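Undergrad: Sequence first, then the predicted structure:
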Amino acid sequence: MRLVPQFNVDGKFTVPDPNADLPKFLSAQQGLSNAIEMILAQENSSQDPSKIGSLPSRPLVLPSHWLSSEVGIMTDGETLSSPEAEGKFGGYAATSFLTGLTPVPLSQGSIYTIRQTNPTYQALVYPMPTSHPCVNRLVLAAGNTTGFWPTPTYALGRYQLDGNGVPMRDKPLITYLIVNICLDLGAPAIVDKQTLLRPNAMIILAFHWPCEGDACEANGSGHQH
């Protein structure tokens with residue numbers, strides 16, 4: 001994160017509100033995406049493929065509760081509209097559709113499902129390790145749309161620390177931020193009492209971050225994917 005000007009050197013930053021300062025939000029989203037891609041490029045060019053290939057899989061641990069800030073636009077081929085509440089271009093600090101993430105049974109924590117009430121399993125998420133232990137690519141398979149996450153979409157993780165504050169490099173890493181782009185080419189529609197997908201192109205740029213307790217209280221508005 002030191003490569004991106006608006007981030008502090010200690011790696012901490014406040015996700016900008018896209019409704020208050022859209023250029024700043026886009027600068028943070030795009031800048032972080034590009035910085036991660038550069039880091040991975042440097043890792044890939046400097047390491048020995050045989051050593052990287054022999055390392056154990058290092059997927060990140062994904063928490064269950066999430067908030068998000070995002071911007072998006074969509075079209076049915078005739079009109080332009082916003083997926084956000086009240087027709088806003090951006091959603092800020094809203095409950096993320098990732099809330100409900102839980103490991104898929106039998107996958108030993110390698111694949112997650114977004115488990116909610118209706119539908120029960122909304123989507124599948126696969127965190128795919130890269131050459132950098134703290135970076136995973138993410139693959140999304142949605143159950144009720146034709147949406148997915150293309151590159152650049154990344155989940156960033158941190159090492160767990162022992163009692164002395166030393167990173168435990170043999171333990172799973174904990175996800176603290178997802179930066180993503182989402183493409184969705186269809187939306188559910190009811191026709192003759194049957195659920196079908198109708199054409200609906202949508203692009204969303206977003207940050208997602210985990211939360212616990214009172215920190216999960218959404219203080220903004222946004223849409224549910």
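TA: That came through, no problem. Numbers count the residues shown, from 1 in each chain.

Undergrad: Give me the longest strand you can find in the chain.
TA: strand 173-191 (DSSP state E).

Undergrad: residues of that one that come out buried?
TA: Buried positions in strand 173-191, judged by neighbour count with 16 or more other CB atoms under 10 Å: Leu173, Thr175, Leu177, Ile178, Val179, Asn180, Ile181, Cys182, Asp184, Gly186, Ala187. For every residue, glycine as well, the C-beta is placed using N, CA and C.

Undergrad: most remote residue from this protein's center?
TA: Distance from the C-alpha centroid of the chain peaks at Asp192, with 34.9 Å (CA atoms, centre = their mean).

Undergrad: before we move on, the earlier item: what strands line up against the longest strand of the chain, and which way round?
TA: If you go by DSSP bridges, strand 173-191 pairs up with strand 60-61 (parallel), strand 147-148 (antiparallel), strand 154-158 (antiparallel), strand 194-210 (antiparallel).

Undergrad: So for Ala93, which of those strands sits nearest?
TA: Closest approach to Ala93 among the strands paired with strand 173-191 (CB to CB): strand 194-210, 9.4 Å.

Undergrad: tell me the average confidence for that closest one?
TA: When pLDDT is averaged over strand 194-210, the result is 87.

Undergrad: got the CA coordinates for that strand in PDB?
TA: C-alpha atoms of strand 194-210 as PDB (Å, rounded to 0.1, in the frame of the first residue of the first chain):
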ATOM      1  CA  GLN A 194     -40.800 -19.200 -13.600                       C
ATOM      2  CA  THR A 195     -37.600 -17.500 -12.600                       C
ATOM      3  CA  LEU A 196     -35.500 -16.600 -15.700                       C
ATOM      4  CA  LEU A 197     -32.500 -14.500 -16.500                       C
ATOM      5  CA  ARG A 198     -33.000 -11.400 -18.700                       C
ATOM      6  CA  PRO A 199     -30.200  -9.400 -20.300                       C
ATOM      7  CA  ASN A 200     -28.900  -6.800 -18.000                       C
ATOM      8  CA  ALA A 201     -25.300  -5.500 -18.200                       C
ATOM      9  CA  MET A 202     -23.700  -4.200 -15.000                       C
ATOM     10  CA  ILE A 203     -20.200  -3.100 -14.000                       C
ATOM     11  CA  ILE A 204     -19.300  -2.500 -10.400                       C
ATOM     12  CA  LEU A 205     -16.000  -1.400  -8.800                       C
ATOM     13  CA  ALA A 206     -15.800  -2.100  -5.000                       C
ATOM     14  CA  PHE A 207     -14.000  -2.400  -1.800                       C
ATOM     15  CA  HIS A 208     -15.200  -5.000   0.800                       C
ATOM     16  CA  TRP A 209     -13.900  -5.300   4.300                       C
ATOM     17  CA  PRO A 210     -14.800  -7.600   7.200                       C
END
